[in-house]
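Chemist: Predicted model and sequence follow; I will ask about them next.
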Amino acid sequence: MTYLFDFPHGAKPDEPHRDWKTYFDIIVVDARKPLFFGEGTILRQVDTSTGALRIGTHTGPLQAGQSFGRV
């Protein structure tokens, strides 16, 4: 059996590999499923370099290539 990220100790810098985030259109973290689907969950954009939620609330459709987290 093989896996998408089948690296025994992580990908080596000299081996070609894709960043795991490129496999997803939108990434939602800390969504608290199933409440995420049943209620109007407020999401904020996540700064992927620090992991911190960005100031302000995102309004409108979720944008591809971005990460979002629950307030």
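Modeler: Happy to help now that I have it.
Chemist: next SSE after the lowest-mean-pLDDT helix or strand in the chain?
Modeler: Here the helix or strand of the chain ranked lowest by mean pLDDT, DSSP states H and E is helix 35-38, holding a mean of 70. Helices and strands here follow DSSP states H and E; after helix 35-38, the next one along the chain is strand 43-45.
Chemist: Which parts of this structure are strands?
Modeler: 27-29, 43-45, 67-70 (DSSP state E).
Chemist: Show me the shaky parts of this structure.
Modeler: 1-13, 38-40, 57-59, 71 (pLDDT under 70).
Chemist: At the geometric centre of it, which residue do we find?
Modeler: Residue closest to the mean C-alpha point of the chain, counted by C-alpha atoms, centre = their mean, is Ile27 at 3.0 Å.
Chemist: Glu15 versus that residue, what's the distance?
Modeler: In this view, Ile27 and Glu15 are 24 Å apart by C-beta to C-beta, to the nearest Å. Where you see a C-beta, it was placed from the backbone N, CA and C, and this is true even at glycine.
Chemist: tell me the contacts of the nearest residue to Arg54 once chain neighbours are set aside?
Modeler: Taking C-beta to C-beta, 6 or more residues apart in numbering, and ignoring the residues beside it in sequence, Arg54 has Gln45 as its nearest neighbour in space, at 4.4 Å. Going by C-beta atoms under 8 Å, 6 or more residues apart in numbering, Gln45 touches Leu53, Arg54, His58, Gln66, Ser67, Phe68, Gly69.
Chemist: What is the neighbour count of the fifth one?
Modeler: Think Ser67. Counted with other C-beta atoms under 10 Å, the neighbours of Ser67 add up to 18.
Chemist: Let's have the strands of the chain in JSON lines, adding distance to Asp19.
Modeler: Below are the strands of the chain laid out as JSON lines (distance: least, C-beta to C-beta, whole Å):
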{"stretch": "strand 27-29", "distance to Asp19": "11"}
{"stretch": "strand 43-45", "distance to Asp19": "18"}
{"stretch": "strand 67-70", "distance to Asp19": "12"}
